[in-house]
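J.: Need coordinates for the below:
(2 chains)
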Amino acid sequence: MNIILIMIPLSLLILIGAVTAFFWAVNHDQFEDLNSPGLLPIADATDEEKRREGETHPPVR
Amino acid sequence: MNVDCHHCGARIAHPALSARLDGHRVPVCSSACQDTVHWIDKQGLGDFYRLRQAPSRRPEPEDGHNAEVWTDPRLSRHVLRRRSAKSSEVALLVDGIRCGGCVWLIERTLSALPGVESVNVNAMTRRVRVMFQPARTTLSDLLGALSSAGYQPRPLDSGSLDDARRDESRQLLKRLMVAGFCMMQAMMFALVLYLGPDNEIQGPTLDLFRWLGFLVASPVVLYSARPFFQGAWRAWRGRHLNMDVPIALAVSIIYSASFVQCLTRAGEVYFDSVTMLVFFLLTGRYLEMRARHRALDHTDALARLTPSWAERLDDENRTHRVPLSELRAGDRLRVRDGGSIPADGLLLDAHARVDESLLSGESSPVDKVAGDPVIAGSVVQGQPMTFRVTHCGEETFLANLANLATRAQTSRPRLARAGEKTTSRFVLRVLALTSVTALVWSVLDPSRLLDACLAVLVVSCPCAFALAVPAAITRGLSVLARRGVLVLRPDALEALTDIDHAVFDKTGTLTEPTLSIVEHDLSLDRDTVFLWAASLSAITQHPLASAFAAACGQHALPVEHARNLPGLGVTGQVDGRRLSLGRADFATGGKEGDDDLVLAEAGRVLGRFRIRERLRQGAADTVRSLAAKGVTSEIVSGDSRDRVRIVANRLGISEWRSRCLPDEKLERISELRQAGHSVLAVGDGSNDAPVLAGADVSIALASGSDLAQAQADIVLCSGHLGGINETRNLAFATSRVLAQNQRWALAYNLCAMPMAAMGWVPPWLAAIGMSASSLVVVLNALRIDHDKMETGHIEHVADGAHP
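T.: Presented below is the predicted three-dimensional model:
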C-alpha cells in the first residue's frame, strides 16, 4: 500500500502539468481555428510532389 | 463552346481572355480575374488552384481603391493596436474566403511581405489577424496584397482585437478543462472510499482519501464554478430565479457538507459528485456559448465595419475620397448604393431609402425625404444618396457601435430563452421539493436528512434541461455550416419547420441569366456598346449585372450621376454620355417594348440585349420535393409575363406573378402572412433585401450582394438550391431531437426525483444518474446527421460542377 504515497503525488503532479499545458495552449490561440491550420502543411507536400513530377515530365512551355 | 473561368468559375460564353498559370494558359472571364491569376502565378502560389475546394470570388476592380487611404496615420490609428515598440496588430474582415485553399493563399501572401510577424486566418468568421511592423510594411501594403490576390479586405476597428467573445470562450474553456481534469482525479479517489469498508481500507487511509478529494474538488468549486455563483448572486440581487440558483445552492451545500464530514471523520463525502456536476453543467454552458457566438460573428462584423473613407463633394459636385478624420460638420457627402453612411447628417436629396437595422433593430428600410436626419452606420439602399454632415467622429452614433456589438452578444436564440423559462419553473419546483424533503426527514429521521436533500438536488439538477436545447442547436448549426449553409439567425431553423409557402425570386435565384447582343447602333462599335452597358449595370448588385460583366470581359468604366431604380433600370453618365439601361419602356421613355434590355441615350436605342435563361442547378428538384412535403411554391418576379410563365411551367409552379416592384413583392408576402401562411422567401441581390426581411424565414444564395446576405436568415454558400431542402430536413431533424431531449429530461426527472426524496437513492447513484441523463441528451444531439439524410451532400455536387 505504500506505493500510493508515490502514486498519488505523481498523479497530482500530472494533473497540474496537464492543466498548465492546457492553459498555455488556450492562451496561444491553439483552439481558435481547428480547421484551416490542418491544410497549411498540405501545400508543402504538393510543392514536393510538383518538383518530383517536374523531374519526370518537364512542364510544356 | 462553353468553358468556366479558371479563377471565379463563371461560365464564359465567348472565351477571349486567358491567363498564364504554371506555364499553361487557362481561360478567364474578365481582366480582373486575369490580373489575379497572373499575380498569384508570379508569387509562385499557383498551387492555390489545386488546394481550393470551391471557385473563388470574382475580384472587383474597386477592391484595392481605398488601400492608400490607410497610409494616413490619423485614420490607421483607429484600426492598429500597438503590441510592442516595433510591431502592431490589425484585424481585417476579408470577403471571399471560401475554403481552406483561401486560408493557405492569404497566409502565404501576407507572410511573404517584409516585416509581417504572424498571420492568423479564421475561415469561419472571415477574420484575419496580422501582427506586423508598420515601419517595414504599411497597412496599405497588406490591403494591396490581399486585393491583388482577389480578396476584398476591410480593416475592423481596433476594438475587435480584444474581442470580448474570444475572452469569454477562453475563460469558459479553461474552467471546463480544470473541472474535467479534476473530475477524473476526484472519481478515482472516491472509488477508494466506495470500496473502502469492504476491502479492509480503513482509518487514516480513508481520511487521506477524503482530504485528497477535498484537494481536487476545491479548484473546481472555487474556480470552475464561479460563473454559477456569480449568476446566482446577480439573480439574488435582481430578485428573480435562474438556473444558477439551485446549482450554486447544490454545489455549495455538497461542498461544505462534505468538508464538515471530512473534519468530523464521519459520513459520506461527495467531492466526486460536485466535480461531475460542475463539469457537465459547464459543458452545457460551453456548447450554448458556441452556438451564440457563431450566430453573432456575422452581425458583429457588420457593426464593426466603420466605413474608412468618405466621398466628399466639392463646389463643382466632383467627388473626392477623404479619410473620415478629415470630415467637418457642413461637408456634403455622397454614399453609394449599399454603402454605409459615415457621419450623422441631414438628407439633401429629395428622397432616399436607408436601412437602419443595425442601429434601431428595425428590419425594414426607412424612407427619408429631404431634410430628414440620417444616422452614421446605417446602410443606403436603392440609389446613391447625398447629405450634409452635422456630427462626425466621436460625436456620432458610430462611436457607440462598440456598445452595440456588446449588446448584440447578450441576445440569445429564442429557443434557448424558452428553454430557460422551462428551467426556471423547474428550478422553483426542485427547491420546493428539497425543502419538503428536508422537512419530512427532519421529523422522521434527521440523520438521513442531508443524504436525501443532496440526492434530490443532485439527481434533479437541471443539466439535462440546460443541455437539451443548446446541444441540439449547436449540432444542427455546425452540420449545416460544414455543408456551406450559414444560419445567421438560429431561430430561423425552428421557423423553417413551420413553412408552408415558399416565394422565389426568379432571375438569379431559380434561373441564371446569360446575355447576348441582338442589335446595336451601327455608328458604334459592338464592344463599346457592351462596355457601356456593363459599366452602367455594375453600379447595381442585380444578377444581370454579373451576366453583363461576364459577357463583356473588360474593366468597367467609371459612372457619374449613377441612379438605380430597383425593378426598372439604371441611369448614369458614361464616357460623357447620359445613358439609361433597362426595359424598353424605361430606357426609351414611355414606349412599351418587348422583353429585351435596352441601352439608350436620350430615347435613342444604342443597343438591344437578349436575355437567355437556364434553370439553376437543382431548381426543379427543390420545387418538386417542397411540393411533396406540402409547401406551395410561388414565383414573384420583376420580370416580364412571358418569361416568368415559361419558367413557372418548366418547374410546375402554378402560382406566379410578374412585373412586381420590390414594394409589390413585399406586399404579396405580407398578404400571404396575413392569410395565415408561414412564408419562406428565397432570393438574391439587393433588390430582394426588403423582400427577404419581410418573410418569416429568408434564404439568400451567396452569389448575392453583401447587403442581401445581411438581411437573410440563412445563406447558401454553395449557390445550389438543393440546400433549401437539405436545410429544411435538418431543421426537422433538429427540432425532433430537441423535443426528444426535452421529453427525456422530463421523464428522467419525474422518475428519479420521488425516489431521491424517499431516500432510496444514495448521492453517488444520483450523480451517476444525473451524468447519464446529460450524456443521453448530448449523444442524442450527435445523432443529427448521423442518420441517413434524405439528400446527399450538396457540396460534392457543387464541386463537381467546377472541376
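J.: If I follow the layout properly, residue B:640 ends up in contact with residue B:657?
T.: No. Judged on CB atoms under 8 Å, residue B:640 makes no contact with residue B:657 at a distance of 11.7 Å. Placement of C-beta: from N, CA and C, glycine included.
J.: What average pLDDT does whatever helix or strand residue B:548 lives in get?
T.: Here residue B:548, judged by DSSP states H and E, is contained in helix B:543-552. Here helix B:543-552 scores 70 as its mean pLDDT.
J.: ok, which stretches of the stretch 501-650 of chain B are strands?
T.: With DSSP state E, counting those that start in this stretch applied, the stretch 501-650 of chain B shows strands at B:501-504, B:511-520, B:560-565, B:569-574, B:577-583, B:597-601, B:604-615, B:632-636, listed in chain order.
J.: Ranking those by mean neighbour count, which comes first?
T.: Of the strands of the stretch 501-650 of chain B, the one with the most neighbours on average (mean count of other CB atoms under 10 Å in any protein chain shown) is strand B:501-504, at a mean of 25.
J.: For that one, C-alpha coordinates in CSV please.
T.: Presented in CSV, the C-alpha positions along strand B:501-504 are these (Å, rounded to 0.1, in the frame of the first residue of the first chain):
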residue,chain,number,x,y,z
HIS,B,501,-45.4,28.7,-48.6
ALA,B,502,-42.2,29.4,-50.5
VAL,B,503,-41.8,32.6,-52.5
PHE,B,504,-39.0,32.5,-55.1
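J.: Touching it from outside, list them.
T.: If you take CB atoms under 8 Å, 6 or more residues apart in numbering or on different chains as the criterion, strand B:501-504 is touched by B:510, B:626, B:631-636, B:653, B:665, B:668-669, B:672, B:677-683, B:691, B:695, B:724.
J.: can you tell me which of those are in helices?
T.: Counting by DSSP state H, the members of those that fall within helices are B:626, B:665, B:668-669, B:672, B:691, B:724.
J.: By neighbour count, which of those residues wins?
T.: Of all these, residue B:724 has the most neighbours under the rule other CB atoms under 10 Å in any protein chain shown, reaching 28 neighbours.
J.: what's the pLDDT at the closest residue to it other than its chain neighbours?
T.: Of all residues not flanking residue B:724 in the chain, residue B:622 sits nearest, at 5.5 Å (CB to CB, 6 or more residues apart in numbering or on different chains). If you check residue B:622, the pLDDT there is 88.
J.: ok, residue B:622 touching residue B:722?
T.: Yes. Under the criterion of CB under 8 Å, residue B:622 makes contact with residue B:722 at 6.0 Å.
J.: Show me which of these two is the more surrounded one.
T.: For residue B:622 and residue B:722, the more surrounded residue by other CB under 10 Å is residue B:622, and the numbers stand at 26 against 21.
J.: how about that one, what does it touch?
T.: Residue B:622 sits in contact with B:721-722, B:724-725, where contact means CB under 8 Å, 6+ apart.
J.: With respect to chain A, which of those is nearest?
T.: Distance to chain A across these (CB to the nearest CB) is lowest for residue B:722, with 23.4 Å.
J.: Compute the distance between residue B:574 and residue B:560, please.
T.: Distance, residue B:574 to residue B:560, by CB to CB, to the nearest Å: 8 Å.
J.: Near chain A, which residues of chain B? Just list them.
T.: Where chain B comes near chain A, counting by CB under 8 Å from any CB of the partner chain, the residues are B:22-24, B:47, B:50-51, B:100-101, B:103-104, B:107-108, B:120-124, B:166, B:170, B:173-174, B:177-178, B:181-182, B:185, B:188, B:205, B:212, B:215-216.
J.: Among those, which are located in strands?
T.: Among those, the members falling in strands (DSSP state E) are B:24, B:120-122.
J.: Reformat those as TSV; add neighbour count and pLDDT.
T.: Converted to TSV, those look like this (neighbours: other CB atoms under 10 Å in any protein chain shown; pLDDT from 0 to 100):
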residue	neighbour count	pLDDT
B:24	14	81
B:120	18	81
B:121	25	81
B:122	18	75
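J.: Show me the shaky parts of chain A.
T.: Low-confidence segments of chain A (pLDDT under 70): A:1, A:32-61.
J.: Kindly list the longest helix within it.
T.: Taking DSSP H as the criterion, chain A has its longest helix at helix A:4-27.
J.: which other residues reach that helix?
T.: With CB under 8 Å, 6+ apart, helix A:4-27 has contacts from A:31, B:170, B:173-174, B:177-178, B:181-182, B:185, B:188, B:212, B:215-216.
J.: in that helix, what counts as buried?
T.: By neighbour count on 16 or more other CB atoms under 10 Å in any protein chain shown, the buried set for helix A:4-27 is A:8, A:11, A:15, A:19, A:22, A:26.
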